[in-house]
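>>> Below is the sequence, then the predicted model.
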Amino acid sequence: MEALRSKAYDFVIVGGGSAGCVLAHRLSAEPDRRVLVLEAGRSDAWWDVFIHMPAAFAFPIGNPRYDWCYESEPEVAMAGRRISHARGKVLGGSSSINGMIFQRGNPLDYERWAREPGLEQWSYAHCLPYFKRMETCRTGGDEWRGDAGPLIVERGAAANPLFLAFLEAVQQAGHALTDDVNGFRQEGFARFDRNLTRGRRWSAARAYLHPVKGRPNLDVLCGSLASKILFEGTRAVGVEFRGAGASTERVMAGEVISCGGAFNSPHLLQLSGVGPASLLEEHGIPVVADVPGVGENLQDHLEVYIQHACRRPVSFSTSLAYWRRPWIGAQWLLGHGPGMTNHFEAGGFARSHAAAEQPDLMFHFLPLAVRYDGTRPARGHGYQIHVGPMLSEARGSVRIRSADPRVPPALRFNYLATERDRKDWLAAVRAAREILAQPAFDGFDRGELSPGPGVQSDGEILDWVVRDAETALHPSCTCRMGRGDGAVTDPGSLRVRGVDGLRVIDASVMPTITNGNIYAPVMMIAEKASDLVVGDTPLSPDPIAFHRVQAG
């Protein structure tokens, strides 16, 4: 620690998650730039099977060794339920505990960003080159996909008979197949890309950080909880943090970059005196800059599971038996067996209504009936569709509850608060049920387990969603970039308004949530931001044509 105090870093990155790993890799590429990563969680040890085995991803969820175990405030429109929110408590952040689903979102998501004043450089044409730069797509590079980036992406095999039935059933239900949901056409159903390779999770830490940890100008310090950003006037000059021994330490920086994600970045800014002045004063925090938008505009995706019992013993349910787990682990170590997959091998996107300008419902199919935390509704074989609306109008907030950095912030999502949300949920559940009712499943279906045949009317469906829906773990947008009221970060630099020497680069800078899982967009944002931070010439935009639906 004495050696750390004696150093003056060019960049201190707060958070070693998805964005922080990308920035550490890119910013430390120049030997003269001194970079420190402060990560509050622990290291992602190579021997930790629950991180690196794809099929074991449910085990860290809810386990405080891996998960910060956040919880929302009571959600008014969800019968006062508190919704659990898993966030990675380990190097690599949530990329070390997520479901490994790699989805860029719809090109129109970025076109919508670019229509906002100041965000013209965030159109899909400007973002596509950074998506390509970051990935090695195992199906091969082309005008849509990269083949030389740090992040390895593999396509699901989807060879299980239930996957084959699913891909046949979606066509019977009137949906199209697509070659690649991350390519020309998102709308449709396909085998999914996953950030894993040869049966191992390929997290942001494994892709970006571990290959460069030996650089002499890069330091990574785990077990270090940032308590506040240090300011001289309105200029950020360093970070105060609590180390493993609970002692308070300080490190000085030319620039501070917060990469804590949609919860922790606004929380840290507020603790440091940057945020809504009235909120800061309520907790006795001196105001450095009154930035009302810090912590506002919180967005997320909800999902439910439509589960069916399976009459044939072809699901992956047998791999969940406790007595089989040592054998599955041994097989995985030898490079084969059911531990090699994350199970999310196929799914797709559809429109909730014919007039929608883009697909707004997301489906994931699993050849087993299981909840995200690994619990099963019943013994025996089963299968399920995860489904949820992607373009919710709900907006929430992240706000400090105490000046003590160890006290988590209050999270309010306002799920299901709008009429459009409720209408979209009815469309989502009915679309999933329609797929599962197709003849392709006739040889497998032994009846719906959840929500069950007794749930049919609009009111019954919405009541079930209120009782059963879970977060899809995509919190975002709480330090949104823009130029208007409520914006927190500058689109051309991601600097925080009202102060100098401070940037936010993570999911919180999204102005609106993307259509799909957000891991890939977060990595793209960090890739693009790395050029903005050091002043490199941005990659040239690629104005390639993409599929536009014929609404009607």
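Structure's in. What do you need?
>>> Which stretches in the protein count as helices?
Applying DSSP state H to the chain gives helices spanning 2-5, 18-27, 49-52, 107-114, 124-134, 161-172, 204, 261-271, 277-282, 325-333, 419-436, 458-468, 519-534.
>>> So which of the ones you listed is nearest Met100?
helix 519-534 (8.2 Å; CB to CB). For glycine as for every other residue, the C-beta is placed from the backbone atoms N, C-alpha and C.
>>> Pick the most buried one from the helices of the chain.
Counting by mean count of other CB atoms under 10 Å, helix 204 has the highest mean neighbour count of those, with a mean of 33.
>>> what helices or strands is that one leaning on?
Packed against helix 204, as judged by 3 or more CB pairs under 8 Å, 6 or more residues apart in numbering; DSSP states H and E, are the following elements: helix 18-27.
>>> Could you give the average pLDDT over the helix it packs on?
Across helix 18-27, the average pLDDT comes to 98.
>>> any idea how far that helix is from the chain center?
Taking CA atoms, centre = their mean, to the nearest Å, one finds the center of helix 18-27 at 16 Å from the center of the full chain.
>>> likewise stretch 18-34?
Taking the mean of its C-alpha atoms, stretch 18-34 sits 21 Å from the chain's own mean (CA atoms, centre = their mean).
>>> Pull up the distance across that stretch, start to finish.
Distance between the two ends of stretch 18-34: 20 Å, counting by CA to CA, to the nearest Å.
>>> What of stretch 506-516?
Between the start and the finish of stretch 506-516 there is a gap of 16 Å, counting by CA to CA.
>>> And the closest residue in space to Val22 that isn't next to it in sequence, how far from Leu298?
The shortest distance from Val22 to any non-neighbouring residue, by CB to CB, 6 or more residues apart in numbering, is to Ala526 (3.7 Å). Taking CB to CB, to the nearest Å as the measure, Ala526 and Leu298 are separated by 20 Å.
>>> now Leu268
Taken as CB to CB, the span from Leu268 to Leu298 is 15 Å.
>>> Then Arg351?
Applying CB to CB, the value for Arg351 to Leu298 is 25 Å.
>>> When these two are compared, which one has more neighbours?
In this view Arg351 and Leu298 are compared by other CB atoms under 10 Å, and Leu298 has more residues nearby, 26 against 18.
>>> Is that one in contact with Cys477, as I believe?
Yes: counting by CB atoms under 8 Å, Leu298 sits close enough to Cys477 to count as a contact (6.3 Å).
>>> residues bridging contact with those two, i.e. touching both?
With contacts defined as CB atoms under 8 Å, 6 or more residues apart in numbering, the residues shared by Leu298 and Cys477 are Ala262.
>>> Dump the helices of the chain to JSON lines, plus distance to Pro451.
Below are those laid out as JSON lines (distance: least, CB to CB, whole Å):
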{"stretch": "helix 2-5", "distance to Pro451": "54"}
{"stretch": "helix 18-27", "distance to Pro451": "33"}
{"stretch": "helix 49-52", "distance to Pro451": "30"}
{"stretch": "helix 107-114", "distance to Pro451": "30"}
{"stretch": "helix 124-134", "distance to Pro451": "37"}
{"stretch": "helix 161-172", "distance to Pro451": "19"}
{"stretch": "helix 204", "distance to Pro451": "36"}
{"stretch": "helix 261-271", "distance to Pro451": "29"}
{"stretch": "helix 277-282", "distance to Pro451": "39"}
{"stretch": "helix 325-333", "distance to Pro451": "30"}
{"stretch": "helix 419-436", "distance to Pro451": "8"}
{"stretch": "helix 458-468", "distance to Pro451": "4"}
{"stretch": "helix 519-534", "distance to Pro451": "29"}
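>>> Does Leu271 touch Ile285 like I think?
Yes: assessed by CB under 8 Å, Leu271 is found in contact with Ile285 at 6.8 Å.
>>> what residues do those two have in common as contacts?
Listed as contacting both Leu271 and Ile285 by CB under 8 Å, 6+ apart are 400, 403.
>>> one step back: out of the helices of the chain, nearest to Ile229?
Ile229 sits nearest to helix 261-271 of all the helices of the chain, at 6.7 Å, using CB to CB.
>>> Counting by contacts, list what the closest one packs against.
By contact count (3+ CB pairs under 8 Å, 6+ apart), the secondary structure elements abutting helix 261-271 are strand 225-232, strand 248-258, strand 396-399.
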